[in-house]
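Engineer: How does the following fold in three dimensions:
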Amino acid sequence: MTVPTRAARIVFALLVVGGVASFFVAQRLKNEPPVIGSVRFMSSFSPNGDGRKERITFGFHVKRTTPITVEVVSAGGGAAVRTLAEQRTARAYRRQRFTWDGRDEDGRVVEGRYRLKITLTDEGRSVALAKSFTVDVTPPRPRVRRIVRNGQPPTRGPALLPSPDGEPLRADLVLRGWYPTARVVRTAPGPVAVVRRLPVKVTREADGGTMIGPAGREKPRALAGEAVWDGRLADGRAAEPGTYVLQVCVRDQASNLGCGPTASTRPGQGQAGALPTPEEDGTFRGRGGITVRPVGVQPSLDPVDGNHRLTFFVDARGRRYHWVLRRIGDRREVARGSQRAPLLRPRTGSGRAAGYLLAVSVDGRDGLQRVEVPALATDGTAQRVLVVLPAISWIGGTVLDDDGDGQADTLDRGPRGRVRTGRVMTGLPEGFADVQAVLERLRRDGRRYDLTTDLALAGGAGPRIEGHRGVLLVGEHRWTTAGLSERLQRFVRGGGTVAVLDPASLHRTVERSRTRLLRPGRFTAADAFGIESEGAVRLDGPLQIDQDDVDLFDGTDGRFDGYPTGWPATLPGDARRVAGAVDGRDRSVILAARIGRGLVVRTGLPTFAQRLDDDDTSELMSSTWRRLSR
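Structural biologist: I've put the predicted structure just below:
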């Protein structure tokens with residue numbers, strides 16, 4: 001056994017004495033009264049730029065005059081985040097006040113839980129206060145769980161107003177916050193706007209958790225509630241037809257305002273920034289959608305067969321409605337009637353192809369409500385020319401909430417846009433005036449043709465492209481399916497003729513499922529035939545004919561004047577220009593191109609259909625028809 005040396009025994013004795021001394025010093029410091037007293041600060045704040053609880057203020061006093069250093073440190077590891085004061089002399093029992101804006105030394109907002117650390121530099125010791133506080137700029141996420149009428153939620157899609165029985169709608173709300181408010185927001189048509197503010201009835205409160213209100217009173221945390229809307233504005237008038245969302249807002253303990261559906265939280269926007277905005281994926285969250293429509297009609301956009309019995313489903317909210325059917329281009333009534341049943345199947349009384357307009361009216365508490373929707377019938381016998389109307393664009397542009405979230409579902413929403421193929425309309429679709437003008441002209445000229453839509457062609461309904469001499473695309477075919485584009489290409493290369501009246505057609509794709517149109521593509525310079533155009537340019541003068549190998553401009557005077565804009569185009573390498581009219585910079589606007597054994601005629605003029613009464617435009621339309629029907 002090794003015997004300890006004298007030096008080792010001395011070191012061991014010193015350690016024992018030092019440890020005992022440290023113990024008594026620590027006990028003395030521990031038993032001393034605290035140097036820091038009267039500490040006050042709030043438990044959370046929100047430096048988000050909305051002007052509420054932007055800073056936290058710390059208050060305390062020291063019991064003897066001493067220099068202090070004050071820091072904000074993380075609640076967990078104690079790492080310093082911001083120094084608020086360094087070596088500042090604090091006078092005994094004089095109130096010390098420090099503020100922090102929730103940012104680190106680099107000026108960045110730092111969310112999280114923190115403590116205040118006070119260092120007494122003359123004593124060489126620090127005190128990290130036991131009570132922590134929170135920097136919180138994340139808003140709460142209340143939402144509308146569902147909207148019900150007479151205890152029954154909508155089975156699919158939005159809730160509808162007015163109700164057939166006149167009863168209001170009740171929204172079940174998930175709150176999880178303080179000071180709940182609700183409001184009705186119109187999301188379409190037009191800009192997003194608040195149209196009605198509603199009281200919130202709290203139905204469930206938290207067992208614990210309160211917040212001190214502005215008047216110093218404690219407010220319990222609301223967990224759930226409800227709001228009621230009858231479809232009227234604050235002055236008693238009925239809300240305009242459109243798409244609405246019931247939005248609920250609450251504040252959290254840090255005073256962040258959160259609204260559902262989602263709200264913008266950019267600094268400085270505050271309450272005004274809480275209007276509904278889509279999530280990053282382009283959708284709303286929740287089931288707060290309400291659609292106001294006194295009357296709506298779902299037409300069948302597939303052409304009827306030789307029987308010529310049109311089909312409509314009319315939603316008049318349970319009331320009797322009156323209807324009138326007219327043929328486009330003819331003021332005379334084809335049929336009229338009055339009924340309550342939603343299924344309406346009037347006969348056209350004609351075996352010829354034609355477009356029709358159905359007008360439905362309902363006389364209610366708020367006056368006469370009237371809507372007009374299109375329908376079509378193809379010819380009873382096969383014709384040489386197939387006229388195709390842009391039903392995909394009509395459906396894709398209809399302002400309608402399909403899924404009940406309160407946001408209008410349209411293909412214009414971009415890659416995530418999706419719409420149902422069977423949709424209720426509350427009026428004529430955008431761009432229908434151009435379609436109507438062409439159909440009226442064809443009727444005046446006594447033209448016979450088969451009639452269909454791009455939607456019917458994509459779904460295999462009605463007459464087919466194959467078997468016709470020519471195809472006339474009327475209106476703006478903003479979107480088209482890849483399959484339909486390929487069929488048009490094969491038709492032209494095989495010897496057919498296609499005329500495109502609106503230059504914005506065939507530049508975007510869309511996919512079609514059994515019940516939906518989805519994943520719309522972006523605009524591409526090349527259309528379905530490879531003809532490229534970047535879009536509209538201003539025309540400073542008339543278009544001049546510079547080539548005509550196919551008699552496209554027979555009957556015109558060689559000039560097309562009065563058009564404000566045009567879409568200049570260039571042809572792909574496998575196409576040959578056989579006719580054209582150019583602007584002052586020699587850019588081809590009106591052109592005909594040979595592709596394979598067939599022909600593509602492109603007007604390049606967005607307002608072509610509106611000018612069909614002009615002599616030159618009329619002659620170009622007639623010569624185009626002759627090319628189509630050969």
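Engineer: Which segments of the chain make up each domain?
Structural biologist: Domain assignment of the chain by automatic domain parsing yields the ranges 36-135, 143-292, 294-379, 382-390+430-629.
Engineer: Just tell me which of those domains ends up closest to V424.
Structural biologist: For V424, the closest of the domains of the chain is domain 294-379, at 4.1 Å, according to CB to CB. C-beta here means a position set from N, CA and C on the backbone, and glycine is covered the same way.
Engineer: Reformat the domains of the chain as TSV; add mean pLDDT and distance to D401.
Structural biologist: Shown next, in TSV, are the domains of the chain (pLDDT from 0 to 100; distance: least, CB to CB, whole Å):
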stretch	mean pLDDT	distance to D401
domain 36-135	91	30
domain 143-292	84	5
domain 294-379	92	12
domain 382-390+430-629	95	14
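Engineer: will you turn those domains into CSV that also has mean neighbour count and distance to D409?
Structural biologist: Below are those laid out as CSV (neighbours: other CB atoms under 10 Å; distance: least, CB to CB, whole Å):
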stretch, mean neighbour count, distance to D409
domain 36-135, 15, 31
domain 143-292, 18, 9
domain 294-379, 17, 15
domain 382-390+430-629, 19, 10
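Engineer: Distance to G422 for those domains - can I get that in CSV?
Structural biologist: Formatted as CSV, the domains of the chain follow (distance: least, CB to CB, whole Å):
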stretch, distance to G422
domain 36-135, 44
domain 143-292, 12
domain 294-379, 6
domain 382-390+430-629, 7
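Engineer: Out of those domains, flag the one nearest D402.
Structural biologist: domain 143-292 (6.1 Å).
Engineer: measure the closest one end to end?
Structural biologist: Domain 143-292 stretches 21 Å from its first residue to its last (CA to CA, to the nearest Å).
Engineer: Excluding chain neighbours, what is closest to L275?
Structural biologist: Among residues not flanking L275 along the chain, V192 sits closest, at 5.2 Å (CB to CB, 6 or more residues apart in numbering).
Engineer: just W100 next, same as before
Structural biologist: Sequence neighbours aside, I56 is the residue nearest to W100 in space, at 5.3 Å (criterion: CB to CB, 6+ apart).
Engineer: Report the contact partners of the one you found.
Structural biologist: F41, M42, F45, T99, W100, G102, F133 (CB atoms under 8 Å, 6 or more residues apart in numbering).
Engineer: change it to 10 Å
Structural biologist: Residues in contact with I56 (CB atoms under 10 Å, 6 or more residues apart in numbering) are 41-47, 72, 98-102, 114, 116, 133-135, 254.
Engineer: where do the helices sit along the chain?
Structural biologist: Secondary structure of the chain (DSSP state H): helices at 6-31, 391-397, 432-444, 454-459, 482-493, 615-629.
Engineer: can I have the fifth one written out in PDB, keeping just the CAs?
Structural biologist: Translated: helix 482-493. Output of helix 482-493 as PDB, limited to C-alpha atoms (Å, rounded to 0.1, in the frame of the first residue of the first chain):
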ATOM      1  CA  ALA A 482     -54.200  17.200 -75.600                       C
ATOM      2  CA  GLY A 483     -56.400  14.500 -77.200                       C
ATOM      3  CA  LEU A 484     -58.500  17.100 -79.000                       C
ATOM      4  CA  SER A 485     -55.400  19.000 -80.200                       C
ATOM      5  CA  GLU A 486     -54.000  15.800 -81.700                       C
ATOM      6  CA  ARG A 487     -57.300  15.000 -83.500                       C
ATOM      7  CA  LEU A 488     -57.400  18.500 -85.000                       C
ATOM      8  CA  GLN A 489     -53.800  18.000 -86.200                       C
ATOM      9  CA  ARG A 490     -54.500  14.700 -87.800                       C
ATOM     10  CA  PHE A 491     -57.600  16.100 -89.400                       C
ATOM     11  CA  VAL A 492     -55.600  18.900 -91.100                       C
ATOM     12  CA  ARG A 493     -52.700  16.700 -92.100                       C
END
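Engineer: picking that back up, the residue nearest to L275 touches P276, doesn't it?
Structural biologist: Yes: at 6.4 Å, V192 counts as touching P276 under the criterion of CB atoms under 10 Å.
Engineer: Check the contact lists of these two and give me the overlap.
Structural biologist: Listed as contacting both V192 and P276 by CB under 10 Å, 6+ apart are V185, V245.
Engineer: so which of the domains of the chain comes closest to V399?
Structural biologist: V399 lies closest to domain 143-292 among these, at 4.6 Å (CB to CB).
Engineer: how much space between T381 and T421?
Structural biologist: From T381 across to T421, the span is 28 Å (CB to CB, to the nearest Å).
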